[in-house]
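Visitor: generate a structure from the sequence data that follows.
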Amino acid sequence: MDMLIKFLAAAIVSGTPLLFGTLGEILTEKAGHLNLGVEGMMAMGAIAGFYVGYKTSNVLLSLLTAFAAGVLCALIYAFLTITLKATHNVTGLTLTIFGSGLSSFIAFAMIKGAENGVPVLESSFTRSLSDIHIPFLSDIPVIGELLFQYNPLVYLGIVMAVVMALYMKRTRAGLNLTAVGENPAAADAAGINVTLVKYIHVLIGGGICGLGGAYMSLTIGNGSWVNNIVNGYGWIAVALVIFASWNPAKAIGGAFVFGAFSVIRYYIPSGINLPTAFYNMLPFLVTAIVLVISSVRKKKKHVEPAAIGAIYFREER
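Guide: From the prediction side, this is the model:
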C-alpha cells in the first residue's frame, strides 16, 4: 500500500509539467491555432527560469521570467500565423527548433561561466519550491500524502486548470474564445475582435508552456541544471490536448496518467527486468495509442475546434 501511494504521488509530480504544457496548448488551440512549438516554448521557459533563479535566487522573478520567455516565443508564432498568415504547422515546428536550439546555446554559456561547470541554485531557492506541509491535512493517513504534500507549482497547475475550465464555460470572454476557434468569420460578424482574441490567448498559452519548462528545470533537477530537461514532454503535451478533449479539467487526470508512465520504471518489482529503452519510449508509445484511439472515437464533443489550423482572411468573410 505504501508503495502504491508513493507511486501515485510521484506520478502527480512527474505529470505537472505536462499539465502546464497541455493547458497552454489548449488555450492556443481553442483560439483556432495548432502550435507545435510547445517543446520549444517549454525549453525556453526552462532555461530562462533557471538562469534567473541561478543569478538572483528570487523564485517569483524566476517564474515570471519563464512565463515571459514562453510569451515571447508565442509572440513570434502569433505574428507569423495571425498577422502574416503563415502556415500553423510549419511555424510551430520552426518554433520548436528555434526554442530548443536557443535554450541549448544559453545553457552552454551558463555552464561555461559556472563554478566547476555545474550551475546550482541556492539552497534557499530550492527550499522555496520544496514540498509544503499543510498542518492537519498533510497528516491525514493516505489522503494527506496523496493530496497535501506537494510543491507549490503542483497546486498552481491544478488551480490554473480549474480556473481555465470555468473561464471557458462561464465567462463572456471564454465564450468569445470558443466562438473564434469554431468560426472566426461568424465571431467577427458578431462584433468580436478576432485578431485581439487570438493574440491574447496564444500569448498566454505560450507563457503557461514556459512555466511547464521552468517546473522541470527548477524542481526535477534537484537544484542543478540538466541539459535537454524537457526531453519530448512538449510533444506529449500536444497529444494530451486530444486525450483531454480540449477540456482543461480533464487535462489534470490525463497529465497525471502520463506522469505515471514516466516514473513506473522505479516501481516495477525487482524480478521484472526490462530494458531501460523500453521505459524511455513507454510514454511516447502510449501517446501514439491515444492518438489512434482519439481518431477513431470522433464524437462531437471529442473533436477539435472547427477552425483550428485555418488561416482567417477577414476580407473573405
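
Visitor: pass me the low-pLDDT residue ranges in the stretch 151-300 of the chain, would you?
Guide: For the stretch 151-300 of the chain, the stretches with pLDDT under 70 are 297-300.

Visitor: can you give me the helices for it?
Guide: For the stretch 151-300 of the chain, the helices defined by DSSP state H, counting those that start in this stretch occupy 152-170, 172-182, 184-189, 194-215, 233-243, 248-263, 276-296.

Visitor: just put these in JSON lines and tack on distance to Leu129 and mean neighbour count.
Guide: (Each C-beta comes from the backbone N, C-alpha and C, glycine too.) Formatted as JSON lines, the helices of the stretch 151-300 of the chain follow (distance: least, CB to CB, whole Å; neighbours: other CB atoms under 10 Å):
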{"stretch": "helix 152-170", "distance to Leu129": "7", "mean neighbour count": "17"}
{"stretch": "helix 172-182", "distance to Leu129": "30", "mean neighbour count": "18"}
{"stretch": "helix 184-189", "distance to Leu129": "40", "mean neighbour count": "18"}
{"stretch": "helix 194-215", "distance to Leu129": "9", "mean neighbour count": "26"}
{"stretch": "helix 233-243", "distance to Leu129": "18", "mean neighbour count": "25"}
{"stretch": "helix 248-263", "distance to Leu129": "18", "mean neighbour count": "22"}
{"stretch": "helix 276-296", "distance to Leu129": "24", "mean neighbour count": "13"}
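
Visitor: okay, the ones you listed in a markdown table with distance to Leu80 next?
Guide: Listed next are the helices of the stretch 151-300 of the chain as a markdown table, based on distance: least, CB to CB, whole Å:
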| stretch | distance to Leu80 |
| --- | --- |
| helix 152-170 | 25 |
| helix 172-182 | 18 |
| helix 184-189 | 17 |
| helix 194-215 | 11 |
| helix 233-243 | 18 |
| helix 248-263 | 26 |
| helix 276-296 | 26 |
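
Visitor: figure out which of those is closest to Val142.
Guide: helix 248-263 (16.7 Å; CB to CB).

Visitor: show me what that closest one is in contact with.
Guide: The contact list for helix 248-263, computed with CB atoms under 8 Å, 6 or more residues apart in numbering, reads 7-8, 10-16, 18-19, 22-23, 26, 157-158, 161-162, 164-165, 168, 236, 240-241, 243-244, 282-283, 286-287.

Visitor: which of the helices of the stretch 151-300 of the chain sits closest to Ser62?
Guide: Among the helices of the stretch 151-300 of the chain, helix 194-215 comes nearest to Ser62, with 6.8 Å by CB to CB.

Visitor: next, the angle helix 172-182 makes with that closest one.
Guide: 100 degrees (axes from the mean of the first three to the mean of the last three CA atoms, to 10 degrees).

Visitor: quick one, helices of the stretch 1-150 of the chain?
Guide: 2-30, 38-56, 59-78, 88-113, 123-128, 143-147.

Visitor: can I get the second one as PDB, trimmed to CA atoms?
Guide: This means helix 38-56. This file holds the C-alpha atoms of helix 38-56, laid out as PDB (Å, rounded to 0.1, in the frame of the first residue of the first chain):
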ATOM      1  CA  VAL A  38       5.300  23.600 -27.300                       C
ATOM      2  CA  GLU A  39       8.600  21.800 -26.900                       C
ATOM      3  CA  GLY A  40      10.500  24.900 -27.900                       C
ATOM      4  CA  MET A  41       8.500  27.200 -25.500                       C
ATOM      5  CA  MET A  42       9.000  24.800 -22.600                       C
ATOM      6  CA  ALA A  43      12.700  24.600 -23.400                       C
ATOM      7  CA  MET A  44      12.900  28.400 -23.300                       C
ATOM      8  CA  GLY A  45      10.900  28.600 -20.100                       C
ATOM      9  CA  ALA A  46      13.300  26.000 -18.600                       C
ATOM     10  CA  ILE A  47      16.500  27.900 -19.300                       C
ATOM     11  CA  ALA A  48      15.000  31.400 -18.600                       C
ATOM     12  CA  GLY A  49      13.600  30.400 -15.300                       C
ATOM     13  CA  PHE A  50      16.700  28.500 -14.200                       C
ATOM     14  CA  TYR A  51      19.100  31.200 -15.300                       C
ATOM     15  CA  VAL A  52      17.300  34.000 -13.500                       C
ATOM     16  CA  GLY A  53      16.900  31.800 -10.400                       C
ATOM     17  CA  TYR A  54      20.600  31.000 -10.600                       C
ATOM     18  CA  LYS A  55      21.600  34.700 -10.800                       C
ATOM     19  CA  THR A  56      19.000  36.200  -8.400                       C
END
